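# Dropping a prediction and its sequence here:
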Protein chains: 2
Amino acid sequence: MRTYNVAILGATGAVGQEMIKILMERNFPINELHLLASKRSAGKKMEINGKEYSIEETTEQSFQGMDIVLGAAENDIAKRFLPKAVEAGAVVVDNSSAYRLDPNVPLVIPEVNPEAVASHNGIIANPNCATIIALVALAPLHRYAKAKRMVVSTYQAVSGAGVNGIRELNQQVGAIAHEKEVEVSTFQYQIAYNLIPQIGGFNEAGYSSEEMKMQNEGRKIMDNPDLCVNCTCVRVPVYRSHSESIMVEFDKEISVEKARALLQTAPGVKLVDDPEHQKYPMPLDTTDQDLVYVGRIREDMSNHTNALSFWCCGDQVRKGAATNAVQIAELVIAQMEK
Amino acid sequence: MRTYNVAILGATGAVGQEMIKILMERNFPINELHLLASKRSAGKKMEINGKEYSIEETTEQSFQGMDIVLGAAENDIAKRFLPKAVEAGAVVVDNSSAYRLDPNVPLVIPEVNPEAVASHNGIIANPNCATIIALVALAPLHRYAKAKRMVVSTYQAVSGAGVNGIRELNQQVGAIAHEKEVEVSTFQYQIAYNLIPQIGGFNEAGYSSEEMKMQNEGRKIMDNPDLCVNCTCVRVPVYRSHSESIMVEFDKEISVEKARALLQTAPGVKLVDDPEHQKYPMPLDTTDQDLVYVGRIREDMSNHTNALSFWCCGDQVRKGAATNAVQIAELVIAQMEK
């Protein structure tokens, strides 16, 4: 079996760490594995499957000889280094938003548009986490009845802000329990026992950058340029899975029964929809696994003919980021082996 | 000044306790105050403004001589006792859902439809908490441009389940911090660091009872029988204020500027809408006060002409329940004194 040299850019962050875990879980055919991070982390040791690895400082030379580079860094780092990885001959799967809307870069959810991988020019972008979770649930319905309009309200976990977000919720809960002052640094305000209706900066129309991603990325991934999305993104005091309340208007009728049947067999989806027995998706249940749970499917009471509402949850760090990237890398090597 | 004999049915619950506090805060002209509860609580003492009160067991005779009865009990208790209060000559303001949709019972938010109080036949109903918070924000807009359709996703605090809900979140957070098993009794599942997309039981169409209230009560309160509401109600690990993400379609255009101007001067509303400076409503900020904070007002990107989105938060125990009831009682005595 052919094996590949893999580098992870941003290997010490929450998504980078999860990428390592998922590469191992899925037995990705690795020859060399390079863990790239900032100078500050360089030299630190990390044990993976009983083997010791050293964290390496990222330089422009880090990508020589690499076949696959997984990007788990912020936009500025991605833009600085990933073109060097392409020059060095690697195929890049990048989790930042730097290249997502670039017309030369495919934006891929393997359950939705795997065919887009074939057209890459060295970089393939991993979509926004909330967008991945929504579209894994929506795409099987959209294939049956074209999605025209979505009204989405998100309930996004602190893991979306990385290791620091998780730590901040934990520290704040502890401080409150001990009647100490709450420290705020990662989020705009206290997140423990609170909700923050801001993820990213706001544009002139009053939408946050996170809210714009659902429409912009959704249009590209589903090849549906007329899709209109009205999104409200809210940070909630949950550790790791994102949840979304979604109303979709389709171009033709789609019954609840039809939607359930489509989702029952859809890849990457677990239908959890038995309200009578109190079965519905919850973020605690979707944490640390890869499926997007979908439930609470019902006819939109305010638009009986062509609209449905549903509720979905998915692990933001795994399917919303690391797993999706590794799945894309699997498609890339399948293509290389053709 | 005329004073009134007041009884609180369910005086030991979260809403009953808050009613006592708000009667005192607002200097409600009380002659006698009777605190009615179950047999279990009877005889317990409670100090209010330096005066000691005994909790009394509720019986059919408890309402003799009362002018105003505030109901803060569950539906079954409300139905059993409140007709006796009416027979005894009291005017009842009831926070349960037992009488809300009864055509003989006005359903009142003083900022929205104060005139409805005049037509009571002994009972006036206090609306559902999430409905009050949404409509205080929506009514000023609806008066300008008729609201036709709402898509609402709620983020509801544990206080909606009373004292037990607050205690359960607190206990679960403590158990998790000490690596003990989490106990679940008030909610369907663990609520700490989780979200539960169920409040109340589900109907055949898959909507929860809480989700149906927004449409059913909204139509009655705003005298808008054609209003269509698609609502998703979700319990979140926040102690006491409810938050709501709301998209409204109106029958004519209403600009963001117009909406802000209307809300700036609307009774019961605080406009907190300056995203550039990270000012928006948050449940932590609305806790323990009476205003509904409204912000994130923006044109619905998916329906540019006649729809707006906004985000609002309000203290569920106060404006969502106790304060609204006491405000209704103030309207009742104003009418008595005419």
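Thanks, I have the structure now.
# was I right about residue A:39 contacting residue A:55?
No: shown here, residue A:39 and residue A:55 do not form a contact pair, counting by C-beta atoms under 8 Å, at 10.1 Å. Heads up, the C-betas are built off the backbone N, CA and C, glycines and all.
# Hmm, residue A:292 and residue A:133 touching each other?
Yes: proximity of residue A:133 to residue A:292 meets the contact threshold set by C-beta under 8 Å, at 5.4 Å.
# any shared contact partners between the two?
A:312-314, A:319 (C-beta atoms under 8 Å, 6 or more residues apart in numbering or on different chains).
# Among those residues, which are located in strands?
A:312-314 (DSSP state E).
# Next, format the residues you listed as a markdown table and append distance to chain B, neighbour count and pLDDT.
Rendered in a markdown table, the data for these read as follows (distance: C-beta to the nearest C-beta, whole Å; neighbours: other C-beta atoms under 10 Å in any protein chain shown; pLDDT from 0 to 100):
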| residue | distance to chain B | neighbour count | pLDDT |
| --- | --- | --- | --- |
| A:312 | 10 | 27 | 98 |
| A:313 | 8 | 32 | 98 |
| A:314 | 13 | 33 | 98 |
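# List just the nearest of those to residue A:279.
Proximity of these to residue A:279 was ranked by C-beta to C-beta; the top entry is residue A:313 with 12.7 Å.
# Any idea what that closest one is bridged to?
Beta bridges link residue A:313 to residue A:243, residue A:293, judged by DSSP bridges.
# picking up where we left off before, pick out whichever of residue A:133 and residue A:292 has more residues nearby.
Neighbours around residue A:133 and residue A:292, counted as other C-beta atoms under 10 Å in any protein chain shown, are more numerous at residue A:133. The numbers are 32 against 29.
# what's the burial count for residue A:285?
By the criterion of other C-beta under 10 Å, residue A:285 has 17 neighbours.
# before we move on, back to that, ok, residue A:39 and residue A:55, which is more surrounded?
For residue A:39 versus residue A:55, neighbours defined as other C-beta under 10 Å are more numerous around residue A:55 (19 against 9).
# CA-only coordinates of the helix or strand containing the more buried one, as CSV, when you get a sec.
Using DSSP states H and E, residue A:55 sits within strand A:51-57. Extracted C-alpha coordinates of strand A:51-57, given in CSV (Å, rounded to 0.1, in the frame of the first residue of the first chain):
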residue,chain,number,x,y,z
LYS,A,51,5.8,6.8,19.0
GLU,A,52,7.4,10.1,20.0
TYR,A,53,7.1,13.1,17.7
SER,A,54,8.8,16.6,18.1
ILE,A,55,6.7,19.7,17.3
GLU,A,56,8.5,21.5,14.5
GLU,A,57,8.6,25.3,13.9
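# Can you list the neighbours in contact with the next helix or strand after that strand?
Once the chain leaves strand A:51-57, the next helix or strand it forms, by DSSP H and E, is strand A:68-71. Outside of strand A:68-71, the residues within contact range by C-beta under 8 Å, 6+ apart are A:4-10, A:16, A:19, A:63, A:78, A:82, A:85, A:90-96, A:126, A:325-326, A:329, A:332-333.
# and after strand A:68-71, which helix or strand comes next?
Taking DSSP H and E, what comes next after strand A:68-71 is helix A:75-87.
# now the very next helix or strand once past that next one, how far from the chain's geometric center?
Using DSSP H and E, the next helix or strand after helix A:75-87 towards the C-terminus is strand A:91-94. Chain-centre distance of strand A:91-94: 15 Å, with C-alpha atoms, centre = their mean, to the nearest Å.
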